[in-house]
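**Student:** Take this sequence and fold it.
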Amino acid sequence: MSERSEPATETTGAPVAEAGMDSATKAFVAHRNLLFTVAYEMLGSAADAEDVLQETWLRWVGVDLDTVRDHRAYLVRIATRQALDRMRAIGRRKESYVGPWLPEPLLTAPDVAEDVELADSVSMAMLLVMETLAPTERAVFVLREVFDLAYDEIAQAVDKSPAAVRQIAHRARAHVAARRPRDVVSPAETRDAMRAFQRAIETGDLQDLVDVLAPDVVLLSDGGGVKKAVLRPIVGADKITRLLAGGRTKFTVEVSAEPVQVNGCPGLIVRFDGQLDCVVAMRVDNGLITGLYLVRNPEKLSRVGRETVLSR
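**Tutor:** The predicted structure is shown next:
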């Protein structure tokens, strides 16, 4: 197998010159954003998704392309298998993770939000729902529901029969349907809720936020044992309001919150004295915030300085 490095491209939307590329490289570059999206939706980690791409590339350059009818399907198959292997390693890391584990947030371009199905599938809320699926269920759900692959193609990727894949897909859909956001939420509703949270942390005025918090809202904060964070979920509007009010009175720094697109949805980048502190995402149901997700772990914030291109 060739030991060539993966083509020097990133999922940042930068143009890539194809002059001088061989067929294997051209095919890989053409589908790289798609492969990253598949791996990220399966793993919830951009760093691990990049590792999957590297492993996919190393295997792809050893393939006789004359025997490959569909480059896209073949590459997705390789990436899926590598992601399934990576999921087992991530599972072991999560067992010893300090506090709640949240997916790595990505800054995304407006076109992701315009693709409603893609935005829903990469949202923080949906990625957390998919965390409750078994690895093969998650792979089948992502490939079928998000990327609309045929059952026989998925079967080759997960090493199951098409009949078994149909059963897994049915089970995964039912599992997700019971846990996903109950209604389609308009971007305007989410933006209004996010503005209320922005005002609360910038000014300390919590009234607007109280008005949009669901009674059973859940707050999860991910510091990874590196940054201070609540180690258990905080449940209930009253408890969350008291937590935010208490934290705001202790601030001796200037707090700013920049509205951005996080995983295809409105979100915030929060800075203390101009320094990145956390990324905020949320889940909104029926116009009320039912989930607040604060990512403070520095290892998960390395990509928030640039947009990541996602595609399907």
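**Student:** When you work out contacts or count neighbours from here on, use the C-alpha atoms and nothing else.
**Tutor:** Noted.
**Student:** List of residues touching the lowest-mean-pLDDT helix or strand in the chain?
**Tutor:** Between all helices and strands in the chain, the lowest mean by mean pLDDT, DSSP states H and E belongs to helix 237-250, at a mean of 82. By CA atoms under 8 Å, 6 or more residues apart in numbering, the residues outside helix 237-250 that reach it are I201, G204, L206, V210, L213, A214, P215, D216, V217, L219, I234.
**Student:** which two in those residues are spaced the farthest apart?
**Tutor:** Maximum pairwise distance in the contacts of helix 237-250, criterion CA to CA, is 21.8 Å, between G204 and D216.
**Student:** show me where pLDDT drops low in the stretch 201-312 of the chain?
**Tutor:** 248-251 (pLDDT under 70).
**Student:** Run through the helices of the stretch 201-312 of the chain in chain order.
**Tutor:** Here the stretch 201-312 of the chain has its helices, by DSSP state H, counting those that start in this stretch, at 207-212, 237-250.
**Student:** The stretch 1-150 of the chain now?
**Tutor:** 23-43, 46-60, 71-95, 110-114, 116-122, 124-130, 135-141.
**Student:** T67: neighbouring residues, count only.
**Tutor:** The number of residues packed near T67 is 7, by other CA atoms under 10 Å.
**Student:** Could you report the separation of it from W60?
**Tutor:** Separation of T67 from W60 (CA to CA, to the nearest Å): 12 Å.
**Student:** would you turn the helices of the stretch 201-312 of the chain into CSV with mean neighbour count and distance to V270?
**Tutor:** Converted to CSV, the helices of the stretch 201-312 of the chain look like this (neighbours: other CA atoms under 10 Å; distance: least, CA to CA, whole Å):
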stretch, mean neighbour count, distance to V270
helix 207-212, 18, 16
helix 237-250, 14, 13
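**Student:** can you put these in JSON lines and add distance to V309?
**Tutor:** Formatted as JSON lines, these follow (distance: least, CA to CA, whole Å):
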{"stretch": "helix 207-212", "distance to V309": "31"}
{"stretch": "helix 237-250", "distance to V309": "33"}
